[in-house]
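Chemist: Got a sequence here, can you build the structure:
(4 chains)
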2 protein chains.
Amino acid sequence: MVLPRAAKTQRRTRIQEEKEERILEAALEVFSLHGYRGATVDQIAEVAGMSKPNLLYYFRTKEAMHRALITRVLDTWLDPLREFDAAGNPVAEIRSYIRRKLEMARDFPRESRLFANEVLQGAPNIEDELKGPLKALVDEKAAVILAWAKAGKIAKCDPYHLIFSIWSTTQHYADFDVQVRAVLGQDQADDGRFEDAARFLEQLFIGGLQVRDQAS
Amino acid sequence: MVLPRAAKTQRRTRIQEEKEERILEAALEVFSLHGYRGATVDQIAEVAGMSKPNLLYYFRTKEAMHRALITRVLDTWLDPLREFDAAGNPVAEIRSYIRRKLEMARDFPRESRLFANEVLQGAPNIEDELKGPLKALVDEKAAVILAWAKAGKIAKCDPYHLIFSIWSTTQHYADFDVQVRAVLGQDQADDGRFEDAARFLEQLFIGGLQVRDQAS
DNA sequence: CGATAATTTGACCGGTTGGTAAACATTACA
DNA sequence: TGTAATGTTTACCAACCGGTCAAATTATCG
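Modeler: Residues are numbered from 1 along each chain as shown, chains lettered A, B, ... in the order given. Now for the predicted structure:
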């Protein structure tokens, strides 16, 4: 047999697992930096420290690599939202969701940029994922937020746009990192940037969602 | 003479101006959709309705086209921030800044995505612009916001991260349009989406920046 | 060890890409 | 109208890119 990619569900050799890991790591590096079309297989092979045909032995096409990567990233990317707990304290839940998303932007900027690149260019490969699992998850959590609002625990607001705004503000620090650094000046320590952001976003969202008397 | 690109500052013929305009329009379309490396000169030429060599007669390289486009977009992109008025009512100024940025995301999504693509991939061609004019403008407006906060007109907050959060939340509707549509479902009218966003963002920022008693 | 399967490599291929050369057409203008 | 500058097109090229192939090398295991 020549093709390891076949229906063999059993992950055969340890070497296979190692190589595929190295490839996906390299692919993440290159794809997140140059986008799908901007990345070349030779580049990925070089970063992975192997020859191009060797790489193509494990992933038969460039697209297969990209698919594997996107699927994996998209899955872990939604973990913070999944942890969003309907039974918890609303303000505490929102606060910790913001914090977790911001930590992901800090610790996994490449994953964030990979995803941003994909969506920015029309998400040709993950449209189904977005309209299916992602939408379902957001719908579920939006309902929770709406219930909190109706119970008077937070201000009444559009839960979808609330989620969008948390996504955008936090991922901004990964996706637009260059711009953020340019504006702030790079004299600032890495952590400082994220600590300030966390403090500000907490203030913004907690303040903005605070219940206030609706009487005019 | 063969090369129109030379030091002739005089915009010679009307035909030159028209063609360059058509080319930049086409380039914006293609670059914003596929990124720099994903775009091909043939594609741009086709959208512009001319042959590739003809296009290359006006812009000698793909990179020259991209540079011209980025410079122009970056300039108009900052107009809303320039209008930010220190003498105005703080809350009204912030509200109208958000509205203008959101209108730009709605009316000029290609410009937003072109810029996002560039920054996302490390902004290799505009780093100087970011660290120079952009930073200077943001510094200036951040000082204004800080003064408002110190005067007790809005809550004390980090002005830089406030600006970042307005950028990110508004541009999100252009850059991540596909995702927004997927989550909301495309049954919704285009305007509705932006009206809801405007309402939410106004609530978020005005509420979040409202002065409240600092006593614990 | 011997044999079979898994892995790795260098050489190569057809298609695409950014860009050029030069002939041809059109416009501006004396 | 003549002519020189400007604009346009056809044909083309070298480099690059994703991917293949067959041969060589290495791991696995009875």
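Chemist: mind checking the SS state of residue A:34?
Modeler: What DSSP: H, G, I helix; E, B strand; the rest coil gives for residue A:34 is helix.
Chemist: Next, count neighbours for it.
Modeler: Residue A:34 is flanked by 20 other residues according to other Cβ atoms under 10 Å in any protein chain shown. Heads up, the C-betas are built off the backbone N, CA and C, glycines and all.
Chemist: Next: residue A:47.
Modeler: Look at residue A:47: counted by other Cβ under 10 Å, it has 17 neighbours.
Chemist: which residues touch the closest residue to it other than its chain neighbours?
Modeler: Leaving aside its sequence neighbours, residue A:47 sits nearest to residue A:26 (Cβ to Cβ, 6 or more residues apart in numbering or on different chains; 3.8 Å). Neighbour list for residue A:26: A:44-45, A:47-49 [criterion: Cβ atoms under 8 Å, 6 or more residues apart in numbering or on different chains].
Chemist: With distance to residue B:122, secondary structure and pLDDT added, can I get those residues in CSV?
Modeler: Converted to CSV, these look like this (distance: Cβ to Cβ, whole Å; DSSP: H, G, I helix; E, B strand; the rest coil; pLDDT from 0 to 100):
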residue, distance to residue B:122, secondary structure, pLDDT
A:44, 17, helix, 98
A:45, 21, helix, 98
A:47, 16, helix, 98
A:48, 21, helix, 98
A:49, 23, coil, 97
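Chemist: Which PyMOL command selects the buried ones in these?
Modeler: Filtering the contacts of residue A:26 down to the buried ones (16 or more other Cβ atoms under 10 Å in any protein chain shown) takes a single PyMOL command:
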select buried, chain A and resi 44+45+47+48
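Chemist: Please tabulate the contacts of residue A:26 in CSV and include distance to residue B:54 as additional columns.
Modeler: Shown next, in CSV, are those (distance: Cβ to Cβ, whole Å):
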residue, distance to residue B:54
A:44, 36
A:45, 38
A:47, 39
A:48, 42
A:49, 45
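Chemist: Of the contacts of residue A:26, which is the nearest to residue A:33?
Modeler: Of all those, residue A:47 has the smallest distance to residue A:33: 10.0 Å, by Cβ to Cβ.
Chemist: Need the per-residue pLDDT for residue A:1.
Modeler: The confidence metric pLDDT takes the value 43 at residue A:1.
Chemist: From the chain's centre, how far out is the helix or strand of chain A with the lowest mean pLDDT? Work that out for me.
Modeler: Of all helical and strand segments in chain A, the minimum by mean pLDDT, DSSP states H and E falls on helix A:127-129, at a mean of 90. Between the centre of helix A:127-129 and the centre of its chain there are 15 Å (Cα atoms, centre = their mean, to the nearest Å).
Chemist: buried stuff in it?
Modeler: The neighbour-count check on helix A:127-129 (16+ other Cβ under 10 Å) flags residue A:129 as buried.
Chemist: Does it reach chain B?
Modeler: Yes: contact between helix A:127-129 and chain B, assessed by Cβ under 8 Å from any Cβ of the partner chain, occurs at residue A:127.
Chemist: mind listing the helices for chain A?
Modeler: A:14-38, A:41-48, A:52-58, A:62-77, A:79-83, A:90-107, A:109-120, A:127-129, A:135-150, A:159-175, A:177-184, A:190-208 (DSSP state H).
Chemist: tilt between the longest one and helix A:159-175?
Modeler: Following axes from the mean of the first three to the mean of the last three Cα atoms, to 10 degrees, one obtains 100 degrees for the angle between helix A:14-38 and helix A:159-175.
Chemist: Over to the fourth one?
Modeler: In terms of direction (the same axes, to 10 degrees), helix A:62-77 departs from helix A:159-175 by 120 degrees.
Chemist: helices and strands around helix A:62-77, which ones?
Modeler: Under the contact criterion of 3 or more Cβ pairs under 8 Å, 6 or more residues apart in numbering or on different chains; DSSP states H and E, helix A:62-77 touches helix A:14-38, helix A:109-120.
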